[in-house]
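> Below: sequence and its predicted model.
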Amino acid sequence: MRIVVALGGNALLKRGEKPDASTQIANVELAAGQLARLAEEHELVITHGNGPQVGVLALESANDERLSEPYPFDTLGAETQGMIGYWLLQAMQNALPGRQVAAMVNQTLVDADDPAFKDPTKFVGEVYSQQEAERLAAERGWSVKADGQYYRRVVGSPQPQGVVETDVIRTLVEHGTVVVCAGGGGVPVIRTEGRLQGVEAVIDKDLTASVLAQALKADALFILTDVDGVYKDFGTENQEQVPRATPASLRGMGLPAGSMGPKVEAVCRFVESTGNMAAIGRLEDAVSLVEGTTGTIVRPEGS
Ligand SMILES: Nc1ncnc2c1ncn2[C@@H]1O[C@H](COP(=O)(O)OP(=O)(O)O)[C@@H](O)[C@H]1O
Ligand SMILES: NC(=O)OP(=O)(O)O
């Protein structure tokens with residue numbers, strides 16, 4: 001099978017952990033152990049999140065008095081692809097001796113008129129109290145929004161339309177290379193009169209993974225996170241894991257933007273467009289998702 005996986009931010013940095021490189025490298029090594037088991041049997045493309053990491057780099061850049069302006073988010077996104085891509089590259093090479101592994105910086109096309117530029121929703125960086133967030137917003141011109149009981153910086157998150165380097169990724173996968181790509185949803189770019197140009201945004205990595213999986217004609221899209229699937233009545237004493245779903249049944253659940261919402265939308269788009277299966281589940285269950293014995297398995301109506 002050809003499988004595209006989207007590795008959740010929680011796999012790189014668990015809630016409450018400091019974003020030290022050593023912590024993230026240790027987490028990436030654990031993730032690589034699971035992903036290597038998938039890669040032993042299947043063609044594998046790995047995408048990953050960058051929300052916490054791009055926030056750290058944005059803060060560093062904003063605090064650097066030598067700069068006349070902070071680095072823009074397309075450049076910061078590319079920095080996170082290099083950093084996390086390096087960690088994953090090394091961990092996968094160590095876990096799969098003899099197998100070719102590549103990590104790529106790459107770009108995702110978005111529409112310059114996407115309304116998301118005017119209504120930022122993508123959480124980046126750490127959490128703040130409301131007072132601290134409002135101070136930072138006033139001082140630095142940030143947009144901030146409530147994330148649960150805390151506040152976080154938000155940036156625009158336009159819809160991914162296509163990964164610019166899809167043909168390169170396909171060639172590598174067809175030759176048996178495990179490819180780490182489209183990190184942080186890909187560096188957001190627009191094409192104007194044939195020329196690519198970066199834009200200030202952070203794309204949702206689950207939605208980009210879906211676009212890429214469709215373009216690569218993947219047999220499956222796996223969204224790997226820290227919960228063992230989608231839950232009905234999540235967070236209540238009646239919560240119940242959904243083992244099997246169709247795009248229509250998932251869409252009917254009205255899941256929250258910013259966490260489970262984009263994951264569900266990503267799998268629905270993939271299943272509707274390809275007729276193939278998708279799954280949302282825990283990283284630790286990656287191998288059993290193939291058999292459909294764990295996670296929420298999503299298939300077209302009637303299959
Ligand atoms: N209905 C739901 N079922 C399962 N998880 C949910 C649901 N609604 C919200 N969540 C939350 O979504 C989280 C996963 O989303 P997110 O934190 O964005 O993942 P990641 O960083 O791994 O991409 C879970 O840890 C859980 O707290
Ligand atoms: N870019 C992105 O979706 O990152 P997270 O998954 O870390 O939020």
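Looks like it came in fine. Ligands and ions are numbered 1, 2, ... in the order given.
> Let's check: the centremost residue of the protein is which one?
Lys205 (2.8 Å; Cα atoms, centre = their mean).
> And the lowest-mean-pLDDT helix or strand in the chain, what does it pack against?
Least confident helix or strand of the chain, by mean pLDDT, DSSP states H and E, is helix 9-12 with a mean of 81. Using 3 or more Cβ pairs under 8 Å, 6 or more residues apart in numbering; DSSP states H and E, the elements in contact with helix 9-12 are helix 21-41, helix 51-63, strand 220-225. Where C-beta positions appear, they are placed from N, C-alpha and C, glycine not excepted.
> Indicate the residue of this structure located nearest to ligand 2.
Nearest residue of the chain to ligand 2 (Cβ to the nearest ligand atom) works out as Gly49 at 2.5 Å.
> in terms of contact, does that residue touch Gly8 like I think?
Yes: using Cβ atoms under 8 Å, Gly49 makes contact with Gly8 at a distance of 6.0 Å.
> Around the residue in the stretch 51-200 of the chain that ligand 1 sits nearest to, count how many other residues there are.
Nearest residue of the stretch 51-200 of the chain to ligand 1, counting by Cβ to the nearest ligand atom: Gly51, 7.0 Å away. Gly51 has 24 neighbours, counted by other Cβ atoms under 10 Å.
> Tell me the confidence at it?
For Gly51, the pLDDT comes out at 90.
> pretty sure it contacts Glu126?
No: in this structure, Gly51 is not within contact of Glu126 by Cβ under 8 Å, at 10.2 Å.
> what ranges do the strands span in the stretch 101-250 of the chain?
Using DSSP state E, counting those that start in this stretch, the strands found in the stretch 101-250 of the chain span residues 101-103, 107-109, 122-128, 143-147, 150-155, 162-163, 178-180, 187-192, 195-198, 220-225, 231-232, 240-241, 244-245.
> Quick one: those strands as JSON lines, columns for distance to ligand 1 and mean pLDDT too.
Output for these, formatted as JSON lines (distance: least, Cβ to the nearest ligand atom, whole Å; pLDDT from 0 to 100):
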{"stretch": "strand 101-103", "distance to ligand 1": "19", "mean pLDDT": "98"}
{"stretch": "strand 107-109", "distance to ligand 1": "17", "mean pLDDT": "98"}
{"stretch": "strand 122-128", "distance to ligand 1": "9", "mean pLDDT": "87"}
{"stretch": "strand 143-147", "distance to ligand 1": "10", "mean pLDDT": "91"}
{"stretch": "strand 150-155", "distance to ligand 1": "12", "mean pLDDT": "91"}
{"stretch": "strand 162-163", "distance to ligand 1": "19", "mean pLDDT": "98"}
{"stretch": "strand 178-180", "distance to ligand 1": "16", "mean pLDDT": "98"}
{"stretch": "strand 187-192", "distance to ligand 1": "18", "mean pLDDT": "97"}
{"stretch": "strand 195-198", "distance to ligand 1": "23", "mean pLDDT": "98"}
{"stretch": "strand 220-225", "distance to ligand 1": "3", "mean pLDDT": "96"}
{"stretch": "strand 231-232", "distance to ligand 1": "4", "mean pLDDT": "96"}
{"stretch": "strand 240-241", "distance to ligand 1": "8", "mean pLDDT": "96"}
{"stretch": "strand 244-245", "distance to ligand 1": "11", "mean pLDDT": "97"}
